[in-house]
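>>> Test case, fold it:
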Amino acid sequence: WGRAVPGADISVKFAGQAKQVRTDVEGHWAVKLDPLKAGGPFELEVGDGTKTLHFTDVLVGEVWFGSGQSNMEVAVKSLPQFTKSSAPFECDEDTKQLLENGVHPQIRISAITRDHNKTPAWFELSRENYLDVPALMSCAAVLLRQKLNVPIGIVVRCESSSSSGIWLSRDTVEGDAEIQRQ
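Numbering: from 1, shown residues only. From the prediction side, this is the model:
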């Protein structure tokens, strides 16, 4: 899906499929691909007749989201501002070992944290970065990859010191008097 000039013919090629669609009067378009088997990497090509974008290393699999306060962004290795506190955040050896052993080219992470990742982008969980990734969701990615045997994408977005209520659904908040009180 995306935006282009109104009335433009958009072509999408991905994993052996070719789809075409015309943008609406506001320039919006969306293509629905036929079901795909998990795997990759694949190449994706999107064009509007004047320009074609090529994306490589695209995977098909599971995507999981993790959000919350600063505890969701804590990396495997200690961060300087936490090591000076009375209760430093540091992952145990089992967590470090799980991530080190679970490094896999089909695990991708998109995380925005205050210390390591400021720009949204996908990157591979690797031996070079496994100590810098958000520990909780990265461990989830490793365990999901082991269990499901498909590519796993983890999206982590956190807001340090945010109210826990903003991470809950409206129904949850409205249905719980204690949450409303807090």
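
>>> can you pull out the strands in the chain?
2-3, 9-14, 17-22, 28-29, 39-47, 52-60, 62-68, 107-112, 123-124, 152-158 (DSSP state E).

>>> Looking at the ones you listed, which is nearest to residue 142?
Smallest distance to residue 142 across those (C-beta to C-beta): 6.8 Å, for strand 107-112. In this view, the C-beta of every residue, glycine as well, is placed from N, C-alpha and C.

>>> residue contacts, the nearest residue to residue 63 once chain neighbours are set aside?
Spatial nearest neighbour of residue 63, chain neighbours left out: residue 153 (4.2 Å); criterion: C-beta to C-beta, 6 or more residues apart in numbering. Taking C-beta atoms under 8 Å, 6 or more residues apart in numbering, we find residue 153 in contact with 59, 61, 62, 63, 64, 108, 109, 110, 122, 141.

>>> tell me the contacts of the second one?
To tie it back to what came earlier, the one meant is residue 61. 38, 39, 40, 106, 148, 150, 151, 152, 153.

>>> hmm, try it at 7 Å
If you count contacts by C-beta atoms under 7 Å, 6 or more residues apart in numbering, residue 61 has them with 38, 150, 151, 152, 153.

>>> residues near residue 149, how many?
The number of residues packed near residue 149 is 11, by other C-beta atoms under 10 Å.

>>> Need the pLDDT of it.
Reported pLDDT at residue 149 in the predicted model: 97.

>>> so how far is residue 70 from it?
The spacing between residue 149 and residue 70, counted by C-beta to C-beta, to the nearest Å, is 32 Å.

>>> before we move on, back to that, a markdown table please, covering the strands of the chain and showing distance to residue 182 and mean pLDDT.
Below are the strands of the chain laid out as a markdown table (distance: least, C-beta to C-beta, whole Å; pLDDT from 0 to 100):
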| stretch | distance to residue 182 | mean pLDDT |
| --- | --- | --- |
| strand 2-3 | 40 | 95 |
| strand 9-14 | 46 | 98 |
| strand 17-22 | 47 | 98 |
| strand 28-29 | 40 | 98 |
| strand 39-47 | 44 | 97 |
| strand 52-60 | 40 | 96 |
| strand 62-68 | 16 | 90 |
| strand 107-112 | 26 | 91 |
| strand 123-124 | 36 | 92 |
| strand 152-158 | 20 | 90 |
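
>>> Save those strands as JSON lines, and put in distance to residue 176 too.
Shown next, in JSON lines, are those (distance: least, C-beta to C-beta, whole Å):
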{"stretch": "strand 2-3", "distance to residue 176": "39"}
{"stretch": "strand 9-14", "distance to residue 176": "43"}
{"stretch": "strand 17-22", "distance to residue 176": "43"}
{"stretch": "strand 28-29", "distance to residue 176": "38"}
{"stretch": "strand 39-47", "distance to residue 176": "41"}
{"stretch": "strand 52-60", "distance to residue 176": "38"}
{"stretch": "strand 62-68", "distance to residue 176": "17"}
{"stretch": "strand 107-112", "distance to residue 176": "29"}
{"stretch": "strand 123-124", "distance to residue 176": "37"}
{"stretch": "strand 152-158", "distance to residue 176": "23"}
